[in-house]
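Visitor: Please work out how this folds:
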Amino acid sequence: MAPRKRSRDVHDVDGEVEIESASSSFQQRYGQGPKRSRLAMAHANGGSVVSDDDTEDDFDSTMHEDDLGGTPVGSDDEEDDDEFDLQSTQFIRKEHLQDREKNMAMENGVIEEVFCRNFMCHSKLRIKLGPLINFIIGHNGSGKSAVLTALTMCLGGKATSTNRGASLKSLIKEGTDNATLAVKIKNQGDGAYKTELYGRSIIVERHFTRAGSSSFKLKNEHDKIISHKKADLDDILDFYAFQLDNPINVLTQDMARQFLSNSTPSDKYKFFLRGTQLEVLDADYALMEEHIDSIEEKLRTREQDIHHLKDKMEKAEARKKRMEKTQTMAEKISRLSWQHAWAQVEEQEVKLVDMESDVQHAIDNVQQKTDEAEVFDGTYEGQKQSFESAQRTHHDLEEQLQPLSDNHKAVNDKMQANKRNVSDILGQERECRNELKKSGKDITRIEADIQKEQDILAGAEGNEHLERMTKLEELKEEAAAKKQQHEDHLTGLTALQAKDNEAAQAVRAAEQPFQRSKEAADGATRALDRLKNTQGQEWAGYRDGMENLVRTINRESRFRTKPVGPMGKHIKILKPEWTSVIEKTMGGNMEAFIVTSKEDQNLLSQIVGRSNCRVPIMIGNPNRMDTTGKEPSADVDTMLRILEIDNDLVRNSIIINQSAEQFVLIKDADEARAFLFDGPRPHNVKAVVAKVGTSAAMRYEFSGMGAQKTSPVPAYQGASHMTTDIRDQIRQHQDAVNEATRDMEAAKASKRRLQEAHKAASANIKKHYTQEKQLKVQYQKAEDAVAEQQSLIDSNRPQDGKLQALEEQLREAKTDRENQENSYKDITLAKDDANQAAHEIKRALDEATEELSMAQKNAERAEKKLRELETKRMKALQDKNLAIQLIDQAKTEQARLETDRDTQRNTVATFIGRAEQISVRVEVPADMTAAKLDDRLAKMIEDRMREERAVGGNREDIELAYIARKDEYEHANAECSKLKLLAKELKSTLSERQRRWKLFRRYIASRARITFSILLSERQFRGQLKMEHHNKLLHIVVEPDITRASDAGRGTKTLSGGEKSFSTICMLLSIWDAMGSPIRCLDEFDVFMDNVNRSTSMQMMVKAARQATGRQFVLITPQSMDSVSWGEDVKIIRMSDPERGQTVLQMGA
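Guide: Residues are numbered from 1 along each chain as shown. The predicted model follows:
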């Protein structure tokens, strides 16, 4: 039966039916109203049929044989069925007569929408179904049946079950390679399926191709994919009881035609069993019966085995009783074995006490060495911090020294140039002063001569002379204006020359960065060339003589432990972009060797001295240092994490010397600063290095006083000491070359821009000179005009020419004096400027000299201090390493003693465990040892064995054999009893199930027969369903003429096509009334009906659908529904005829 049913009230009827129209042959045969049957009572309590979920008490309280007229439940007697039908008719008829509440849609389990793409005749089709009654109509070939096929296929059905094709690919539209189906299921209300996962709707999609592939998608209401599993789809179908494989529930076009026209009584009976799910239960019970037969057959075989096991047990018991006579001797052996076991325990306990004392002494020694090492470690950390601080200070001072030296040289050069300039200006000033004195004397003399001559010639000329003189004065004024314009223009030269000087200075200032970037690019290129040229050379990155030194060390046999080195050979970098930083940070330690003892250090120092290859030598501990809890968070890179080190000595060295486990590497500088300086100080982080460009980097850390510190890490230009892929090295160096080239090009472009600015300033000066020449020409032309006018005046004077000569001399003298005065002014200004510049340059030179001297002294002091601190740091490091080595040795000794102690403890525990397995602890005589007890026990056992041989075995073997035989017998006997009980219970359960199955069949058949008669009465027909359960036949007997007195009726073969179809529809609706699925589908149910039967059938089907409150119906017919009027719960979907090239079908409702 269906796992999900909706309870209905007994009064839940949609409309009224006249009592006369609901009459049947049963009413004519039995005029008296029957008493209310148990079936009616069960129906009133919430279900139309009895399901497997009903309890035994329900059956006992509602289904007694007495209620059925004394007929045993499950009888196949049709007369008894008629009697039972009579008892149930009144209730079912009353159910059809009473008013029902309005047909309401279910909140879940309703098909809301069906979508097809490239399926059968549809390119694209989307149909939205009503929640209750749906009629899909349209002409033949419009694709009505494809909707039902799509619904079945999308919800997991097989192509063969639809009779539309042999496989999925045969359903794909011609001309396309794949098809998609989608069904939207309503999922709301309290009974919804996993609403937290799917929401208010469940969308099922199925995609299949001509290649044979097929897949499912389960989506929620937001079109998000939840699952691809067919099993999840099956769970949804089971939850909502979608019986799409039930031929009565989903009656396809071909099945409908067969059911309506060609079905035999046997076919109808099969439809009845399959539609009501009784066939499934019957198959399950048959399989259960086979299992019961198999169990009984095994029981018969098992009983023979039990008899044989019983004989073995009795024989073993007889031997056991004979062996019990040797019990006294066994007890003596047991006492001796107890003493022997505990004597061995006592010997091991004495050893354990001695070992415990040794372990305590070792623990005290480790603590002492640890305290000493902590003192050395504190000393080393202090020396290390002092050294690193001094190293950074020295580096900073060295970097500051070069700019100061360059500045001092530049200022000194300016001083010398200014001195030469001042000397030149002073010489010019002396010459100009002498010329001014001489010009003054000449002008005074000439003016006196002119005045004397004018006095002589006074009054010699009239008005014309006055006019010429007036014009002369005008020309002189014009000449003076031109001269002033020329002089004003000259004043702008100073500003242009200043801009030109500034531009020239900027060009010179840009030259140094350009040269540095060019040298960096050249250096990176040379490094890349060296790397390419040294490909395949193992020792290319090391100093000369390293290969010979390693070869000498390998040949030396006096080492207690062979030195490890150089360190770079044991390091492989996993992230090559940090190669430059690691090389700079490690420095000379990349070429260092590590030994484990002072003797090996002395020996290696002698070899290094002879080889002329000076390398650092360190003493280390070979035991791997544990950095657990000492590293930063796992989401950042550290030096230790990006290095693959194949030797623990090397690993311990870089942890101790470089704090590699706390040396964080972050590519972005801003991110690195934020990581260390923003917020609380990160745990287990000593320094953070960020990349600046391809090779250079910047180091961020806290000083000893807690202040933030930043220092550069220069790029490493040499070949790498570490083991790495040569191609990665070349790529890294190529990136460095590219970056340096870009920097050089940027500096070159900056310099070029400054040079262009300088050229523009020079061009402005040239333009100024050109304009100055033009103004000078204008000024000279004006003076020439004055001279011409003066010549005209002179030509009209007396011809002696003395006065004109004197005036000409005066003009020349004044012009010379004026030029000399201007020159003197310029020289005086130049001298003042030079003197002022000399004072400023002198002050700058003094400051630069003092700064350079102080910086040099500071650098020398810092270098001296650095050397001293390096010596102290190395001494402290050696002391620390030696202390750590002593701790490790002490810990190793402690661990060995603890291991021996723990082994002894385990030995004692093992001895005690074994002894306790023998007996509880017993006292061992003082004069007895384990060896003495062993001898005495061996003699006693030998005596006992002689006795046992006489019996034929030892006591333990005989008792074990008896116990084993007894257990086998009892186990087999118990298992057989359980199987018998199981078989009995299964047979009883199967019998009860079969009884209930027949009861279900009887009730369902009874309701179908009664409902069939009531539905026939809708057309004033009379008839019945005759079921021969024994022969598995179902006959439809119909009398179309209700006025006939005989109730024998006619067979379906004697009915017309419409009458036969109407009768079969009534039968189908009768079976639907007993089904629990939330949806019923029927294709072309009216294919053989006339208009009268079709109209009545439709009204009847709608009424039956409304009585099945909440159920969804999908009914397909090719006939028009225009002349029929329906309620709000009926939706009519009209399909358009397919057209060429049509992609989406137009639908109207």
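Visitor: what's the span of stretch 153-166 from first residue to last?
Guide: Stretch 153-166 has an end-to-end distance of 13 Å (criterion: CA to CA, to the nearest Å).
Visitor: which residues are contacting stretch 590-597?
Guide: Applying CB atoms under 8 Å, 6 or more residues apart in numbering, the contact partners of stretch 590-597 are 542-543, 546, 553, 559-561, 563-568, 571, 583, 601, 604, 615-622, 649-650, 653, 721-722, 885. C-beta coordinates here come from the backbone N, C-alpha and C atoms, glycine included.
Visitor: cutoff 7 Å now
Guide: 542-543, 546, 560-561, 563-568, 583, 601, 604, 615-620, 622, 649-650, 653, 721 (CB atoms under 7 Å, 6 or more residues apart in numbering).
Visitor: Ok, stretch 894-913 next?
Guide: 344-345, 348-349, 351-352, 355-356, 358-359, 362-363, 366.
Visitor: And the buried ones among those, selectable in ChimeraX?
Guide: Here is the ChimeraX command that picks out the buried ones among those, judged by 16 or more other CB atoms under 10 Å:
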select :344,345,348,352,355,359,362,366
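Visitor: I'd like the contacts of stretch 894-913 laid out as a markdown table, including pLDDT.
Guide: As requested, the contacts of stretch 894-913 are exported to a markdown table (pLDDT from 0 to 100):
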| residue | pLDDT |
| --- | --- |
| Gln344 | 84 |
| Val345 | 82 |
| Gln348 | 84 |
| Glu349 | 83 |
| Lys351 | 85 |
| Leu352 | 86 |
| Met355 | 87 |
| Glu356 | 87 |
| Asp358 | 87 |
| Val359 | 88 |
| Ala362 | 87 |
| Ile363 | 89 |
| Val366 | 87 |
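Visitor: Buried among the contacts of stretch 590-597? Need that as a selection in ChimeraX.
Guide: Provided next is the ChimeraX selection string for whichever of the contacts of stretch 590-597 are buried by 16+ other CB under 10 Å:
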select :542,546,563,564,565,566,567,568,583,601,604,615,616,617,618,619,620,649,650,653,721
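Visitor: For the contacts of stretch 894-913, which two are the farthest from each other?
Guide: Checked with CB to CB, the contacts of stretch 894-913 reach their widest spread between Gln344 and Val366, with 33.1 Å between them.
Visitor: mind listing what Ala479 touches?
Guide: Shown in contact with Ala479 (CB under 7 Å, 6+ apart): Tyr779, Ala782, Glu783, Val786.
Visitor: The contacts of stretch 590-597 in helices, which ones?
Guide: Met546, Glu583, Gln601, Leu604, Leu649, Val650, Ser653 (DSSP state H).
Visitor: Out of those residues, the closest to Asp637 would be?
Guide: When the ones in helices among the contacts of stretch 590-597 are compared against Asp637 (criterion: CB to CB), the nearest one is Glu583, at 16.5 Å.
Visitor: gap between the closest residue in space to the closest one that isn't next to it in sequence and Ala687?
Guide: Nearest residue to Glu583 in three dimensions, chain neighbours excluded: Tyr716, at 4.1 Å (CB to CB, 6 or more residues apart in numbering). In this structure, Tyr716 and Ala687 are 17 Å apart, going by CB to CB, to the nearest Å.
Visitor: same deal with Leu309?
Guide: Separation of Leu309 from Ala687 (CB to CB): 81 Å.
Visitor: Just want to know which of those two has more residues nearby.
Guide: Legend: neighbour count by other CB atoms under 10 Å for Leu309 and Ala687, higher for Ala687 (20 against 17).
Visitor: what bridges to that one?
Guide: Listed by DSSP bridges, the beta-bridge partners for Ala687 are Phe663, Glu701.
Visitor: residue contacts, it?
Guide: Phe663, Arg699, Tyr700, Glu701.
Visitor: Among the residues you listed, the buried ones, what's the ChimeraX command?
Guide: Buried residues among these (16+ other CB under 10 Å), as a ChimeraX selection:
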select :663,699,700,701
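Visitor: Which two among the contacts of Ala687 are spaced furthest apart?
Guide: Pairwise distances across these (CB to CB) peak at 11.4 Å, for the pair Phe663 and Tyr700.
Visitor: so how many other residues sit close to Gln778?
Guide: Neighbourhood size, Gln778 [other CB under 10 Å]: 17.
Visitor: quick one: it is in a helix?
Guide: Yes - counting by DSSP: H, G, I helix; E, B strand; the rest coil, Gln778 is found in a helix.
Visitor: Can you verify my assumption that it contacts Gln484?
Guide: No - counting by CB atoms under 7 Å, Gln778 does not reach Gln484; the two are 11.7 Å apart.
Visitor: got TSV for the contacts of Ala479, with pLDDT too?
Guide: Formatted as TSV, the contacts of Ala479 follow (pLDDT from 0 to 100):
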residue	pLDDT
Tyr779	77
Ala782	81
Glu783	81
Val786	80
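Visitor: Pick the one among these closest to Asp235.
Guide: Ranked by distance to Asp235 (CB to CB), the contacts of Ala479 are led by Tyr779 at 110.4 Å.
Visitor: in the stretch 351-500 of the chain, which spans are strands?
Guide: Taking DSSP state E, counting those that start in this stretch, the stretch 351-500 of the chain contains no strands at all.
Visitor: Give me the below-cutoff pLDDT ranges for it.
Guide: 452-465 (pLDDT under 70).
Visitor: Which positions in stretch 982-1001 come out as buried?
Guide: Ala983, Leu986, Leu990, Gln994, Arg996, Trp997, Lys998, Leu999, Phe1000, Arg1001.
Visitor: For Asp635, state which of those residues is nearest.
Guide: Closest to Asp635, out of all of the buried residues of stretch 982-1001 and judged by CB to CB, is Leu986, at 62.6 Å.
Visitor: show me the contacts for that closest one.
Guide: Contacts for Leu986 (CB under 7 Å, 6+ apart) come out as Met288, Ile292.
Visitor: one more time with 8 Å
Guide: If a contact means CB under 8 Å, 6+ apart, then Leu986 has Met288, His291, Ile292, Ile295 as its contacts.
Visitor: Looking at those, state which has the most neighbours.
Guide: Neighbour-wise, the contacts of Leu986 (other CB under 10 Å) top out at Ile292, 17 neighbours.
Visitor: What helix or strand is it located in?
Guide: helix 278-323 (DSSP states H and E).
Visitor: And that helix, what does it pack against?
Guide: Judged by 3 or more CB pairs under 8 Å, 6 or more residues apart in numbering; DSSP states H and E, helix 278-323 is in contact with helix 265-275, helix 930-951, helix 955-1016.
Visitor: For the shortest one, the averaged confidence score.
Guide: Taken as a whole, helix 265-275 carries a mean pLDDT of 78.
Visitor: just the longest one next, same as before
Guide: The average pLDDT for helix 955-1016 rounds to 83.
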